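J.: can you look at this prediction? I've put the sequence above it.
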6 protein chains.
Amino acid sequence: MKMIIHIFFILSLVSSISFASVQDFCVADPKGPQSPSGYSCKNPDQVTENDFAFSGLAKAGNTSNIIKAAVTPAFAPAFAGTNGLGVSMARLDLASGGVIPLHTHPGASEVLVVIQGTICAGFISSANKVYLKTLEKGDSMVFPQGLLHFQLNSGKGPALAFVAFGSSSPGLQILSFALFANDLPSELVEATTFLSDEEVKKLKGVLGGTN
Amino acid sequence: MKMIIHIFFILSLVSSISFASVQDFCVADPKGPQSPSGYSCKNPDQVTENDFAFSGLAKAGNTSNIIKAAVTPAFAPAFAGTNGLGVSMARLDLASGGVIPLHTHPGASEVLVVIQGTICAGFISSANKVYLKTLEKGDSMVFPQGLLHFQLNSGKGPALAFVAFGSSSPGLQILSFALFANDLPSELVEATTFLSDEEVKKLKGVLGGTN
Amino acid sequence: MKMIIHIFFILSLVSSISFASVQDFCVADPKGPQSPSGYSCKNPDQVTENDFAFSGLAKAGNTSNIIKAAVTPAFAPAFAGTNGLGVSMARLDLASGGVIPLHTHPGASEVLVVIQGTICAGFISSANKVYLKTLEKGDSMVFPQGLLHFQLNSGKGPALAFVAFGSSSPGLQILSFALFANDLPSELVEATTFLSDEEVKKLKGVLGGTN
Amino acid sequence: MKMIIHIFFILSLVSSISFASVQDFCVADPKGPQSPSGYSCKNPDQVTENDFAFSGLAKAGNTSNIIKAAVTPAFAPAFAGTNGLGVSMARLDLASGGVIPLHTHPGASEVLVVIQGTICAGFISSANKVYLKTLEKGDSMVFPQGLLHFQLNSGKGPALAFVAFGSSSPGLQILSFALFANDLPSELVEATTFLSDEEVKKLKGVLGGTN
Amino acid sequence: MKMIIHIFFILSLVSSISFASVQDFCVADPKGPQSPSGYSCKNPDQVTENDFAFSGLAKAGNTSNIIKAAVTPAFAPAFAGTNGLGVSMARLDLASGGVIPLHTHPGASEVLVVIQGTICAGFISSANKVYLKTLEKGDSMVFPQGLLHFQLNSGKGPALAFVAFGSSSPGLQILSFALFANDLPSELVEATTFLSDEEVKKLKGVLGGTN
Amino acid sequence: MKMIIHIFFILSLVSSISFASVQDFCVADPKGPQSPSGYSCKNPDQVTENDFAFSGLAKAGNTSNIIKAAVTPAFAPAFAGTNGLGVSMARLDLASGGVIPLHTHPGASEVLVVIQGTICAGFISSANKVYLKTLEKGDSMVFPQGLLHFQLNSGKGPALAFVAFGSSSPGLQILSFALFANDLPSELVEATTFLSDEEVKKLKGVLGGTN
């Protein structure tokens, strides 16, 4: 009897003090419509702990490529729980001699921490000033939003770093791919960068661009 | 004839100067998909004045429970017009001896104003400092976002307060419910709070927790 | 001896786990420079519980004026603790026949709750549609950001309401004061509102405007 | 053979370094649900360069109306690519004697630049102060968010201006339309503005209002 | 006598209903400290209409340079009133054959409108796709935040455009200046772009870079 | 002579196309006033690459304390370059048996990645639901803003993790310190948590609280 009254009290309490419609998170439902704020939210009743965990950063990226490097993102929808929460991470693997070429993240600033090896990193400001550092294991560096930056393995063995972004959708624009790995006409590349026709066509050849 | 010309002018004016696609508000449509920014918007043609009004705060919450208190929210979708507008309210009823236990709002700061009675309220900062005030009728207090705080009826009769939030979805996490009213294993509660096994099991019993 | 070791442990813990530079709040220091995000922050060491409390809403505003109404704000710097926290409140007193004339808050949406009396409130959307409600004690209504709205005592006795804003600096522009209580030249008022010269000059006279 | 290996390298690079789910933009899909953050996003595979371009500002608005002026917006969904990007433009055409009547944009500040003619523009602050300027070709002026402002052709010939907004959905509330071009009862207009019954009814007649 | 009473009423009204501390704007005071939200605010008592106006866009920029183009910004602190308001503009002058080289704005999206001439404009997405348009007088185009884009005079005579940004501090990083007009060591440029040593050194020579 | 003309051209270009007042970053100047948006900005002329780098995460925190764990933050002003950029990191060291007790970050969501060892982590939602995961090396997990969460070394050896925050000032409130390591009166702790007087006093003794 006491138990029954007790349960009644608990239930009345829960109904008296809950914010039933509250939205602590919005786990990405990749099948729903997207909005400027991100993916649609999965039905909270179907959300499990697995939506908030991600194992994709555990494995080294494949560095058998011309840059001897790989970037592995931990973003929605693969890492569904990050949707709309304003933070995400990625893993950088740099084989010996590897480089993450000059790139920008249009939508977020970045903090990098070196886990293994030695990385030379830098960014260039709007005022055209260069900020360069050689980072050892445990060192960190911040790259302000939208500015060109790079990371380069300047040590002997492989290097590993994790990077944090202040957005769940930071974006990634790699400069040389933007210039040379699509159908942007060579004469436009040349006119807007001052690069020579020969250089542009050579790099379009290397990186798969046309026109 | 003059009238017809006049109406023509008005119509041409309206078409010349309206921002037809403008979105002043986004009344919650609970049947549509949610996004990180809130509920889907109801078709504006079906929005009425009733979407912007709410009578749910008029009635005292049921305080016949172990905390002798009740929190009544005025949020979307029940108060559909607040969706996405960055503000909401709630009503606190505290019977004699009632208490709103320590809790946080993950997504908003709060301002409280006392309508009736005497309330002792306080919050604890990240620097672990305590800010306590006894508030009489008409007094107000602000609780910064995400910090633990409480309200307690320290007067003789019942107390009533209204609270404002800087979000249409502030969230509410009640500390003792988070610890003792779910299936978080007792040994994890103990390891992460330093509470004794005896205390944890006793409160799990009181508040309906398992494990 | 055990005590000393214990204190050593606590201190080492505190130093191991504190985020020393954290900024939970930014209590307004009205003597420092302001920025687009608000007032400068008072030195946290000098912040007390009084910075987070405010008694200014306890007293009815003076309604002995032509609108038979008063608005009492609870904003920074008077209510210093709200600075930068994205929420604030105000008190509306409406004597019998009182009115808060048509106005906008340029920087925030508003939720109103009636504490006493009967209030007729309404707003007008960008699409020129009118949303009107008569609100009794305990009823609430939301006014989307930046839209013209009003509150009018439509009951027999005095009315009292509290309003919440989703900004610590919502702003307040009262339409008839903007038109008739400053030095905006009459011919500009007339040209931009279609009001007659006679009407404009009469109201400039009533409300103290010049030109 | 070398070519094949090369292509393999490029492909492995692309797969190693792309942020596949990145959302640079969210082109408006007017058929999907809207959210507080804007329109749903069109499938990126169907987005073309035409979604980012808009020719609607090329043509002068029709100024054959009582204000001898026209406002032509460049917003979503007509200018679909601006959805969610926090910026938009509009074109103002003012025939000789034309005026953009007093109005507010509830959701954005505005910068205006004069392309042709002479424009007298002004805004009124919350503190009821008037800021007036006469702008010639090439002059610009900023109007802070949510404040009443106007533009008036004070030159001899027609005037043209472009305006920029810090929102893709700034809103537009024209004061005299809000007061006199809908069904807001005359007695409410009068009570909340101090305008005379005669004036209100006359302007309701001119602008098409009822009640 | 009636006058005196009247003035008393007006004053009591103003004191009853003003939000004295409200901050509609924050005109830049370049002598004060800056914060992440912008410049310090000028004392409102010293703000005049001139703080909200700017004549710097009236004059064509000097296009006697290697790009035959000029960008003239209308930002704080020169255009002091825009500080913190989330919107700004700039003027683009392109002589015959002129080009605004590939660049990004780290902190804002952009809308361009052509005033005179013909402009070929384009941007490249994170997915490496190219969006190109030829824009005639009156045509507009949007460039999403942080993505590489360019504008090029593709007509016969000079071209003029105005651009709007959804930030009062959009930033501007010109690709070839970032690569070739500073002291970023040539070997780092080469390693992070795949450009040849010869090309890099040639362009460093042209654009004034060292190392 | 050609050189001189060339330098003239470069200089005229730079002056024609620079956004002189642009603010890419706001390196923290701890001696200036703070605002709700963060620390004052250091004079850009005095900013060096060292402001964007931080070596404080390289060294393991001291885990000789009752929780056998340490949290080392990388925030402003120590990591001055992160000020206002909306992202930061911290390092978690957990000796065998170590635990980061239940805590919240009032101002940011968090992503954790395990570098070494095995960590059992979990959070509790507003709906009182528990989300628990055991994470091995390379696994990551997201903790939504403001919700109670913990990390516990559930492996045999030491564990190391890095965490990313979507704010440069996430805050940290450790539950048991907030309850038991300050002067919050025991009777208030008891009344607002349901803990027993005995338990509260015992833990106040352990953690250094008074009252």
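T.: Noted; the coordinates are in hand. Residues are numbered from 1 along each chain as shown, chains lettered A, B, ... in the order given.

J.: need the pLDDT of residue A:66.
T.: Residue A:66 is assigned a pLDDT of 87 by the prediction.

J.: name the element it belongs to?
T.: Counting by DSSP states H and E, there is no helix or strand that carries residue A:66.

J.: quick check: residues of chain A near chain D?
T.: Residues of chain A that fall close to chain D, judged by CB under 8 Å from any CB of the partner chain: A:33-38, A:61-67, A:69-71, A:73, A:75-78, A:100, A:106-107, A:169-172, A:174, A:177, A:181, A:206-208. The way it works is simple: take the backbone N, C-alpha and C, and place the C-beta from them, glycine included.

J.: need the buried ones from these selected in ChimeraX.
T.: The ChimeraX command for the buried members of those (criterion: 16 or more other CB atoms under 10 Å in any protein chain shown) is given here:
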select /A:33,34,35,36,37,38,61,62,63,65,67,69,70,71,73,75,76,77,100,106,107,169,170,171,172,174,177,181,206,207,208
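
J.: so of the residues of chain A next to chain D, which ones are in helices?
T.: Residues of the residues of chain A next to chain D located in helices (DSSP state H): A:177, A:206-207.

J.: give me the element residue A:187 is part of.
T.: Going by DSSP H and E, residue A:187 is in helix A:186-193.

J.: mind listing what's buried along that helix?
T.: A:186, A:188-193.

J.: when you check chain E, which of the residues of chain A next to chain D turn up near it?
T.: The subset of those within reach of chain E, by CB under 8 Å from any CB, is A:100, A:106-107, A:171-172, A:174, A:177, A:181, A:206-207.

J.: widest-spaced pair of those residues?
T.: Farthest pair in these (CB to CB) is A:107 and A:206. Separation: 28.6 Å.

J.: contact partners of the helix or strand harbouring residue A:112?
T.: Secondary structure assignment for residue A:112, by DSSP H and E: strand A:110-116. For strand A:110-116, contacts defined as CB atoms under 8 Å, 6 or more residues apart in numbering or on different chains pick out A:92, A:119, A:121, A:135-143, A:149, A:151, A:157-166, A:170, F:57, F:74, F:82, F:87-89, F:91, F:115, F:162, F:164.

J.: nearest residue to the residue of chain A found nearest chain D other than its sequence neighbours?
T.: Chain D sits closest to residue A:36 of chain A, with a gap of 2.6 Å, by CB to the nearest CB. Distances taken as CB to CB, 6 or more residues apart in numbering or on different chains put residue D:84 closest to residue A:36, at 2.6 Å, once the chain neighbours are dropped.

J.: coming back round to it: now tabulate the ones in helices among the residues of chain A next to chain D in TSV and tack on pLDDT.
T.: Shown next, in TSV, are these (pLDDT from 0 to 100):
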residue	pLDDT
A:177	94
A:206	91
A:207	92
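
J.: before we move on, which element is residue A:200 in?
T.: Here residue A:200 sits within helix A:197-207, counting by DSSP H and E.

J.: before we move on, the earlier item: for the strand holding residue A:112, buried residues please.
T.: Buried residues in strand A:110-116, defined by neighbour count with 16+ other CB under 10 Å: A:110-115.

J.: wait, does stretch A:64-78 contact chain F?
T.: Yes - legend: contact between stretch A:64-78 and chain F by CB under 8 Å from any CB is shown at residue A:74.

J.: what do you get for stretch A:166-175?
T.: Yes - part of stretch A:166-175 sits near chain F under the criterion CB under 8 Å from any CB, namely A:166-167.

J.: show me where chain A has strands.
T.: Ranges of strands in chain A, per DSSP state E, are A:28-29, A:40-41, A:53-54, A:69-74, A:88-94, A:99-104, A:110-116, A:119-124, A:130-135, A:140-143, A:149-153, A:159-165, A:173-174.

J.: okay, these, which one's buried deepest?
T.: Neighbour counts (mean count of other CB atoms under 10 Å in any protein chain shown) averaged over each of the strands of chain A peak at strand A:140-143, with a mean of 29.

J.: okay, that one in PDB with CA atoms only?
T.: C-alpha atoms of strand A:140-143 as PDB (Å, rounded to 0.1, in the frame of the first residue of the first chain):
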ATOM      1  CA  SER A 140      48.500  22.500 -29.800                       C
ATOM      2  CA  MET A 141      47.800  25.300 -32.300                       C
ATOM      3  CA  VAL A 142      44.700  27.300 -33.200                       C
ATOM      4  CA  PHE A 143      43.700  28.300 -36.800                       C
END
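
J.: so what touches it?
T.: A:105, A:109-114, A:121, A:123, A:133, A:135, A:149, F:52-57, F:74, F:79, F:81-82, F:85, F:87, F:89.

J.: distance of residue A:157 relative to chain B?
T.: Distance, residue A:157 to chain B, by CB to the nearest CB, to the nearest Å: 38 Å.

J.: how about a markdown table for the strands of chain A, with distance to residue A:197 and mean pLDDT added?
T.: Below are the strands of chain A laid out as a markdown table (distance: least, CB to CB, whole Å; pLDDT from 0 to 100):
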| stretch | distance to residue A:197 | mean pLDDT |
| --- | --- | --- |
| strand A:28-29 | 44 | 96 |
| strand A:40-41 | 47 | 96 |
| strand A:53-54 | 45 | 98 |
| strand A:69-74 | 29 | 95 |
| strand A:88-94 | 32 | 97 |
| strand A:99-104 | 21 | 97 |
| strand A:110-116 | 34 | 98 |
| strand A:119-124 | 25 | 98 |
| strand A:130-135 | 28 | 98 |
| strand A:140-143 | 32 | 98 |
| strand A:149-153 | 26 | 98 |
| strand A:159-165 | 36 | 98 |
| strand A:173-174 | 22 | 95 |
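
J.: residue D:43: which of the ones you listed is closest?
T.: Here strand A:40-41 is closest among the strands of chain A (CB to CB), at 14.0 Å.

J.: packing partners of the closest one?
T.: With contacts defined as 3 or more CB pairs under 8 Å, 6 or more residues apart in numbering or on different chains; DSSP states H and E, the packing partners of strand A:40-41 are strand A:28-29.

J.: quickly check: the strand it packs on near chain F or not.
T.: No - remark: strand A:28-29 sits outside contact range of chain F, by CB under 8 Å from any CB, the gap being at least 11.3 Å.

J.: and that strand, what other elements does it pack with?
T.: Contacts defined by 3+ CB pairs under 8 Å, 6+ apart place strand A:28-29 against strand A:40-41.

J.: hmm, back to that, for the residue of chain A closest to chain D, phi and psi?
T.: Phi and psi for residue A:36, reported as degrees, to the nearest 10, are phi -60, psi -20.

J.: what sits against it?
T.: Residue A:36 neighbours (CB under 8 Å, 6+ apart): B:37, D:26, D:35, D:37-39, D:41, D:83-85.

J.: now the nearest residue in space to residue A:123 that is not next to it in sequence: how far from residue D:207?
T.: Closest residue to residue A:123 apart from its sequence neighbours, by CB to CB, 6+ apart: residue A:149 at 3.7 Å. Using CB to CB, to the nearest Å, residue A:149 is found at 56 Å from residue D:207.

J.: could you do residue A:135 as well?
T.: In terms of CB to CB, residue A:135 sits 67 Å off from residue D:207.
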